[in-house]
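**Q** Build me a model:
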Amino acid sequence: MSKENNLLPDELLLAVTKPARYIGNEINMAVKNPGDAEVRFLFCFPDVYEVGMSHLGLQLLYFMINSRKDSYCERAFAPWEDMERILTEYGLPLTSLETAAPASDFDIVGFTLQYELSYSNIVNMLKLGGIEVFSLDRTDGAPIVCAGGPCAYNPEPLAEIIDFFYIGEAEATLNEIIELYAQNKSKGGSRIQFLESIVHVAGVYVPQFYDVTYSANGPIQSFIANHPLAPGTIIKAAVGDLDKAFRLSTMMAPLIETVHDRVALEVFRGCMRGCRFCQAGFVHRPVREREPSGLLAQAKELIACTGYEEISLVSLSTSDYSRFPELIGGLLSEFSDKRVSLSLPSLRIDAFALDLMEKLRRSGGRNASGSVTFAPEAGTQRMRDVINKNVTSEEIINGCKLAFSGGFSRVKLYYMIGLPTETDDDLRGIVKLSEDVVEAYYYEGKRPHPPAINVSTSCFVPKPFTPFQWEPQSSREDFIYKHDFVKKNIRKRQIKYSRHEAGQAVVECALARGDRRLARVIFRAHELGARFDAWTEHFRYDRWKQAFADCGLDLETYASRARGLDEILPWDHISAGVTKKFLLNERERAYKAATTPNCREKCTGCGACPQNFRSRV
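**A** Residues are numbered from 1 along each chain as shown. Purely as a prediction, here's the structure:
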């Protein structure tokens, strides 16, 4: 179908907020003839346009697939509530931005799973796109529905909805999957024949090729392959050398403001730190760095093709990049006189970082606001040792003093509550450390204006493939108590306190560690009106509690139940590289408040070194 025949009439577009969300035509959008494509791929981001278009992974996959002559990748985003009403009222399908083709016209419909609270939007997008929600209900004429991203490391809550999951890094083996689809299509093969053809590919998991049974008290009793081709363990797909993998040399530049309007450079992948609560830090191991020369060349290309005036370095711990001064020097030398600023995530504050922030402030970047960010995660040293956050209160205070002496007056402090072994003393530690930062502002004497200290507490969510994957989560009531405890004990007026929604954390935890019985819960929550659950104003805790109950399950139990160390976990058939033995050892060390050195200091045998995972690049 041509785009001209499927565009929404102007009068309908003008009836919604931000109609530019739905029209495409961005700078550098891929334009192809759909009829020439053997494989039409619809990349679906289950959140609003402004969020999805800020995601580096979307840009990477979009241009990687479109670099193929035989494929056309298009995009769709979760329609906001006003657009959903119009689509429903007029009987119109969810369509792509590039050609306005209905989602059901595509060969492959792929979702990115960035956060669990987007799952209700996946159901909504499938329904609006005219695609059966459950995998076994789709016939040979329906699109193949796949999903990847960080949440795919526990695919089970969506196992009855998704045809196959891609676990790992897309540059590694996604092209192989597309080629196999094209071959199957040219031979007139069925859906099952295609799924059978890809089970050997690194990172591919086909849920319908496995059977799950449950014990009387709820946990998994058995997880067994029911197809002779299905592997017993699905090994993540990973890139060995990032400099040899597909490199993003162009980006789409949206016509409206998005969450992040700037060029994003991924300087390395993985993390060497080993914070015990951080899933990304474990599943993306090992650390693989890019060459500074390649990053500088990429920055030039992306600035030239987009017209952006800001570059952001995005990695899990950017200042751990071993050639950080070299890269920063090159970027500042290249762009400082071209009205292009440089933005960085939070840094370890030392003399180099302070000098760098002063240069960034003069360049006019996002770091020019006079604000520095620290993530102590916990208020006491004992608690930081439990979570392996290798930073001391003294280092934080000294870093703040350096920042204050350099002219910065605003500090953001991020903490978590509900961490394993936490006590009220640890909550008091959050208050004390935050108030010590206020006092540090005046260590050189009186200043012309007061500091602004923004303290935020989030709720701990135990995630798969972390040493805390077996831990119970605090109840919603406990979270609320802890939030209130911190708030009422803050005495200094220079501190502004904010907290995350406790109910959202409980639902997130239930979905993060859930099994495949939760697909029906997600569907039921959608029937009850669940949409955009990551948006606090749209989230309703009672709606999810009812959805669990309607399916004969209990929300609080899924979140707060401690998992047995010997029980079958829903993600045990997935290998992310790090071994369960290592995670158990780290859990034991956590309860002893014993820290583990980072990878650069000493190899601790986690299992994620290159010889232990399947690299295809």
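**Q** Give me the spatial nearest neighbour of E266, chain neighbours excluded.
**A** V314 (5.6 Å; Cβ to Cβ, 6 or more residues apart in numbering). Just so you know, the C-beta spots here come from the backbone N, C-alpha and C atoms, and that holds for glycine as well.
**Q** Correct me if wrong: the one you found contacts R262.
**A** No. Counting by Cβ atoms under 8 Å, R262 is not a contact partner of V314; they are 9.9 Å apart.
**Q** Neighbour count for those two, which is higher?
**A** Neighbour count, other Cβ atoms under 10 Å: between V314 and R262, R262 has more, with 23 against 15.
**Q** What residues does that one make contact with?
**A** For R262, the contact set (Cβ atoms under 8 Å, 6 or more residues apart in numbering) comprises Y308, E309, E310, I311, S312, S343.
**Q** Looking at the second one now. What's its pLDDT?
**A** According to the predicted model, the pLDDT of E309 comes to 91.
**Q** shouldn't it be in contact with S341?
**A** Yes. Between E309 and S341 there is a contact at 6.6 Å, judged by Cβ under 8 Å.
**Q** Pull out the buried residues from stretch 119-137.
**A** Residues of stretch 119-137 classed as buried: 119-129, 131-133, 135 (neighbour count, 16 or more other Cβ atoms under 10 Å).
**Q** who's in contact with it?
**A** So stretch 119-137 is contacted by 44, 46-47, 76, 78-79, 84, 87-88, 93-94, 102-104, 109, 111, 113, 138, 142-143, 145, 147, 157-158, 160-163, 207-208, 511, 519, 522-523, 525-526, 530-533 (Cβ under 8 Å, 6+ apart).
**Q** Which ones among the residues you listed map onto strands?
**A** The strands, defined by DSSP state E, take in C44, A76, V109, F111, V145, A147 from the contacts of stretch 119-137.
**Q** JSON lines please, covering those residues and showing distance to A502, pLDDT and neighbour count.
**A** Shown next, in JSON lines, are those (distance: Cβ to Cβ, whole Å; pLDDT from 0 to 100; neighbours: other Cβ atoms under 10 Å):
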{"residue": "C44", "distance to A502": "29", "pLDDT": "98", "neighbour count": "27"}
{"residue": "A76", "distance to A502": "32", "pLDDT": "98", "neighbour count": "27"}
{"residue": "V109", "distance to A502": "34", "pLDDT": "98", "neighbour count": "26"}
{"residue": "F111", "distance to A502": "27", "pLDDT": "98", "neighbour count": "28"}
{"residue": "V145", "distance to A502": "32", "pLDDT": "98", "neighbour count": "27"}
{"residue": "A147", "distance to A502": "27", "pLDDT": "98", "neighbour count": "25"}
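**Q** Which of these sits closest to T233?
**A** Proximity of these to T233 was ranked by Cβ to Cβ; the top entry is A147 with 19.2 Å.
**Q** tell me the pLDDT at the residue nearest the centre of the chain?
**A** Geometric centre of the chain, nearest residue: Q114, 3.7 Å, by Cα atoms, centre = their mean. Each residue has a pLDDT score; the one for Q114 is 97.
**Q** re the thing from before, out of the contacts of R262, which are buried?
**A** Taking 16+ other Cβ under 10 Å as the criterion, what is buried in the contacts of R262 is Y308, E309, E310, I311, S312, S343.
**Q** what about the last one, distance to Y441?
**A** It stands for S343. According to Cβ to Cβ, to the nearest Å, S343 stands 24 Å off from Y441.
**Q** Next: the second one.
**A** Separation of E309 from Y441 (Cβ to Cβ): 32 Å.
**Q** which ones are touching P570?
**A** P570 makes contact with N154, E156, I220, P464, R513, G514, D515, R516, according to Cβ under 8 Å, 6+ apart.
**Q** tell me the pLDDT at it?
**A** According to the prediction, P570 has pLDDT 98.
**Q** cool, and K3?
**A** For K3, the predicted pLDDT is 52.
**Q** about what we covered before: leaving out sequence neighbours, find the closest residue to the residue nearest to the centre of the chain.
**A** Closest residue to Q114 apart from its sequence neighbours, by Cβ to Cβ, 6+ apart: G149 at 5.4 Å.
**Q** The one you found is in contact with G110, isn't it?
**A** No. Using Cβ under 8 Å as the test, G149 is too far from G110 to be in contact (9.7 Å).
**Q** between the two, who's got more neighbours?
**A** For G149 versus G110, the count of surrounding residues by other Cβ under 10 Å is larger for G110: 25 against 21.
**Q** who does the more buried one bridge with?
**A** With DSSP bridges as the criterion, G110 is bridged to F43, C146.
**Q** can you tell me how far it sits from T536?
**A** Using Cβ to Cβ, we find G110 at a distance of 28 Å from T536.
**Q** what's the answer for C551, then?
**A** Distance from C551 to T536, by Cβ to Cβ: 25 Å.
**Q** Then R543?
**A** Between R543 and T536 the computed distance is 14 Å (Cβ to Cβ).
**Q** who's more crowded, the two?
**A** R543 (19 against 11).
**Q** Might you report the residue contacts of the more buried one?
**A** R543 sits next to A525, L528, G529, A530 when contact means Cβ under 8 Å, 6+ apart.
**Q** hang on, the earlier thing: now, among the contacts of P570, which is nearest to D337?
**A** Out of these, the member with the shortest distance to D337 (by Cβ to Cβ) is P464, at 47.1 Å.
**Q** ok, which stretches of the stretch 251-400 of the chain are helices?
**A** 279-283, 292-306, 324-335, 351-363, 381-386, 393-405 (DSSP state H, counting those that start in this stretch).
**Q** Tabulate the CA atom coordinates of stretch 485-504 in CSV.
**A** Backbone C-alpha positions of stretch 485-504 (Å, rounded to 0.1, in the frame of the first residue of the first chain) are rendered in CSV as follows:
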residue,chain,number,x,y,z
PHE,A,485,10.8,7.8,57.2
VAL,A,486,13.4,9.5,55.1
LYS,A,487,11.2,12.5,54.3
LYS,A,488,10.2,13.2,57.9
ASN,A,489,13.9,13.0,59.1
ILE,A,490,15.2,15.6,56.6
ARG,A,491,15.6,18.8,58.5
LYS,A,492,17.6,21.0,56.2
ARG,A,493,15.5,23.2,54.0
GLN,A,494,18.2,23.2,51.2
ILE,A,495,17.2,19.5,50.5
LYS,A,496,14.4,18.8,48.1
TYR,A,497,13.2,15.3,48.4
SER,A,498,11.4,13.1,45.8
ARG,A,499,10.5,9.4,45.7
HIS,A,500,9.3,6.8,43.2
GLU,A,501,5.9,5.2,43.2
ALA,A,502,6.0,2.1,45.4
GLY,A,503,3.2,0.3,43.6
GLN,A,504,5.0,0.6,40.3
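**Q** Return the distance of it from the chain's centre.
**A** 25 Å (Cα atoms, centre = their mean, to the nearest Å).
**Q** likewise stretch 569-587?
**A** Centroid separation for stretch 569-587 versus its chain: 20 Å, with Cα atoms, centre = their mean.
**Q** Kindly report the same for stretch 257-276.
**A** Distance, centroid of stretch 257-276 to centroid of chain: 10 Å (Cα atoms, centre = their mean).
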